[in-house]
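**Student:** Here is my input; please provide its structure:
(one chain, ligands or ions: 1)
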Amino acid sequence: MKLQGKKILICISGGIAAYKINYLIRDFIKKGAEVQVLMTPSAEQFVSKLTLSTLSKNPVYSDFYSENGTWNNHVKLALWADVILMAPCTANTLSKMVHGMCDNLVLATYMSAKCPVFIAPAMDLDMYQHPSTKLNLELAEDFGHHLIPAEDGELASGLSGVGRMAEPETISQIIEDFFNSNRNLEGKTVLITAGPTYEAIDPVRFIGNHSSGKMGFSLAEEAANRGAKVIMISGPSSEKTNHQNIEVHRVTSAKEMFAKVFEYYENADIAIASAAVADYAPKEIAQEKIKKNDDSLTIELVKNPDILKTMGERKTKQFLVGFALETQNEEENAKGKLQKKNLDMIVLNSLRDEGAGFKGTTNKIKILTKSTITEFPLKSKEHVAKDILNFVEDQILK
Ligand code: PMT
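**Tutor:** Numbering: from 1, shown residues only. Just a heads-up that it's a prediction; the model follows:
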């Protein structure tokens, strides 16, 4: 059974989608999970405790004390769970969760938990789109919680749009995938570079590029989910992670990235260079802001150290993955970099492919080794990260 022995704590808050939790519990139990249900007081108006308790084979609690006077220990409940699922999660409960309010058993249990938390929001479309809800969902993701996005469809209000809770089968599959996720990188250290570098011209200006860091952070999250210890060295990027397996080091220039990389490279088992490192930097950094006195300005640039090439030269046990961002003669250039930088594989993305490369949430890649070229369709950067790490695993585990 796919969820055999897994302990799932479901916290229901007061929304019409609460009735769907009956189906979800039945599915979890069929898959072998142990299920404990908690409800907010208002959730009791939407679904019966008797039904939930019969299906989950456990008493259902909605208050700190049961009618017979026994204390429902929120800390014990939280520590019992392998995962907590907040479903349906109303705008009110979501807001309380991310702002530390703790005025019912569900919230006290949530705040005592150390396990992963999944959130399946459900609300009317305008509530779902309200800036405060968007902000609260972002905060929840920043806390490292897993969001199961609401779906598009008919809503209880009669309106139609995004806001209805994901279907029980979808939620069940996400939880199942979480437990059955691949842990092939357990015990490995993965070093990842990400983002752009900024090369200062004067105190207010720099030479940079459009890299957002998304590709690198997606790789870091995926490697960490597979059990790796990840050392993330990122240039200026607004991307964040709270994954406990990821250690983030922020740098600004190529020289700083170079120095940080070689603090950690020796112990890395896998190194992935997804950063868009500036090839050149101003020879001199002006101490004061450069004034616009003349019609033209010449800034002399000097070559930056090639971090990846140096990694190739210093390679001992590391499986080394480079990236190539090209605009022409893509495969030929990527092959050249594979060879010149002593790489085990290179990920090619071309700015000629729509949706590939910088900034956006998608990428389209080819992976080249010394003897193969494998092409992938346009995918989200999260999925591209999975493809890249699947490929790495195939190479190192074969
Ligand atoms: O950050 P995103 O917005 O998600 O965008 C992702 C990305 C487009 C930046 C990413 O997918 C990517 O292609 N990264 C590499 C960009 C790049 O600089 O490519 P390049 O072909 O110029 O460099 C080749 C390789 O050498 C890269 O692995 C690069 O990290 C490395 N390099 C380059 C120069 C240098 N001085 N030191 C290096 O280590």
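**Student:** For the rest of this, base every contact and every neighbour count on C-alpha atoms.
**Tutor:** Fine.
**Student:** neighbours of Gly227, just the number please.
**Tutor:** Residues near Gly227, counting by other Cα atoms under 10 Å, number 19.
**Student:** wait, it sits on Arg183?
**Tutor:** Yes. Under the criterion of Cα atoms under 8 Å, Gly227 makes contact with Arg183 at 5.1 Å.
**Student:** and Asn182, what pLDDT?
**Tutor:** If you check Asn182, the pLDDT there is 85.
**Student:** what about it, how many residues close to it?
**Tutor:** 15.
**Student:** for the ligand, what are the nearby residues on this structure?
**Tutor:** Applying Cα under 6 Å from any ligand atom, we find that the chain lies next to the ligand at 195, 211-215, 273-279, 304-308, 322-325, 349, 357-359.
**Student:** Give me the buried entries from these.
**Tutor:** The neighbour count (16 or more other Cα atoms under 10 Å) marks 195, 211-215, 273-278, 304-308, 322-325, 349, 357-358 as buried among the residues of the chain next to the ligand.
**Student:** picking that back up, mark which of the residues of the chain next to the ligand are part of strands, please.
**Tutor:** Ala273, Gly322, Phe323, Ala324, Leu325, Asn349 (DSSP state E).
**Student:** so can I have a markdown table of those residues showing pLDDT?
**Tutor:** Below are these laid out as a markdown table (pLDDT from 0 to 100):
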| residue | pLDDT |
| --- | --- |
| Ala273 | 98 |
| Gly322 | 98 |
| Phe323 | 98 |
| Ala324 | 98 |
| Leu325 | 97 |
| Asn349 | 97 |
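**Student:** Let me know the closest of those residues to Met123.
**Tutor:** For these, the closest approach to Met123 (Cα to Cα) belongs to Asn349, at 39.1 Å.
**Student:** can you pull the contacts of the residue of the stretch 51-200 of the chain found nearest the ligand?
**Tutor:** Nearest residue of the stretch 51-200 of the chain to the ligand, counting by Cα to the nearest ligand atom: Gly195, 4.8 Å away. Residues near Gly195 by Cα atoms under 8 Å, 6 or more residues apart in numbering: Ser211, Ser212, Gly213, Lys214, Gly216, Ser234, Gly235, Pro236, Ser237, Ser274, Ala275, Ala276.
**Student:** Helices - which of the residues of the chain next to the ligand land there?
**Tutor:** Among these, DSSP state H puts Lys214, Met215, Ile307, Leu308 in helices.
**Student:** In space, what's closest to the residue most central in space within the chain - neighbours in sequence excluded?
**Tutor:** The geometric centre of the chain, computed from its C-alpha atoms, lies nearest to Glu221 (Cα atoms, centre = their mean), at 5.0 Å. Sequence neighbours aside, His243 is the residue nearest to Glu221 in space, at 7.1 Å (criterion: Cα to Cα, 6 or more residues apart in numbering).
**Student:** what about that neighbour, how many neighbours?
**Tutor:** Residues near His243, counting by other Cα under 10 Å, number 17.
**Student:** same thing with His99?
**Tutor:** By the other Cα under 10 Å criterion, the neighbourhood of His99 contains 12 residues.
**Student:** which phi and psi does it have?
**Tutor:** Note on His99: backbone dihedrals following degrees, to the nearest 10 are phi -110, psi 10.
**Student:** so what's it up against?
**Tutor:** Neighbour list for His99: empty [criterion: Cα under 8 Å, 6+ apart].
**Student:** Distance-wise, check it relative to Ser238.
**Tutor:** Distance, His99 to Ser238, using Cα to Cα, to the nearest Å: 22 Å.
**Student:** now swap in Ser42 and tell me
**Tutor:** When Ser42 is compared with Ser238 (using Cα to Cα), they lie 38 Å apart.
**Student:** The two: which is more packed in?
**Tutor:** Counted by other Cα under 10 Å, Ser42 and Ser238 do not tie: Ser42 has more neighbours, with 13 against 9.
**Student:** which element is Ser157 on?
**Tutor:** For Ser157, there is no host helix or strand (DSSP states H and E).
**Student:** dump the residue contacts of the closest residue to Asn22 other than its chain neighbours.
**Tutor:** Among residues not flanking Asn22 along the chain, Leu52 sits closest, at 6.2 Å (Cα to Cα, 6+ apart). For Leu52, the contacting residues are Asn22, Ile25, Val37, Val60, by Cα under 8 Å, 6+ apart.
**Student:** Now render the residues you listed as CSV, adding pLDDT and secondary structure.
**Tutor:** Formatted as CSV, the contacts of Leu52 follow (pLDDT from 0 to 100; DSSP: H, G, I helix; E, B strand; the rest coil):
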residue, pLDDT, secondary structure
Asn22, 98, helix
Ile25, 98, helix
Val37, 98, strand
Val60, 97, coil
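**Student:** Can you say which of those residues are buried?
**Tutor:** Asn22, Ile25, Val37, Val60.
**Student:** And the strands in the stretch 201-350 of the chain?
**Tutor:** 206-207, 229-234, 246-250, 270-273, 280-282, 301-303, 319-326, 345-350 (DSSP state E, counting those that start in this stretch).
**Student:** will you turn these into CSV that also has distance to Met1?
**Tutor:** Output for these, formatted as CSV (distance: least, Cα to Cα, whole Å):
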stretch, distance to Met1
strand 206-207, 55
strand 229-234, 30
strand 246-250, 31
strand 270-273, 34
strand 280-282, 56
strand 301-303, 58
strand 319-326, 36
strand 345-350, 38
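**Student:** who wins for proximity to Glu151 among the ones you listed?
**Tutor:** Closest to Glu151 of the strands of the stretch 201-350 of the chain is strand 246-250 (Cα to Cα; 30.4 Å).
**Student:** Strand partners (parallel or antiparallel) of that closest one?
**Tutor:** strand 229-234 (parallel) (DSSP bridges).
**Student:** Return the strand it pairs with as CSV; C-alpha atoms alone will do.
**Tutor:** The C-alpha coordinates for strand 229-234 follow below in CSV (Å, rounded to 0.1, in the frame of the first residue of the first chain):
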residue,chain,number,x,y,z
LYS,A,229,23.1,18.5,1.2
VAL,A,230,23.1,21.6,-1.1
ILE,A,231,25.6,24.4,-1.0
MET,A,232,24.0,27.2,-3.0
ILE,A,233,26.2,30.1,-4.2
SER,A,234,24.0,32.8,-5.6
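**Student:** Setting the sequence-adjacent residues aside, check what's closest to Ala286.
**Tutor:** Leaving aside its sequence neighbours, Ala286 sits nearest to Asp202 (Cα to Cα, 6+ apart; 4.6 Å).
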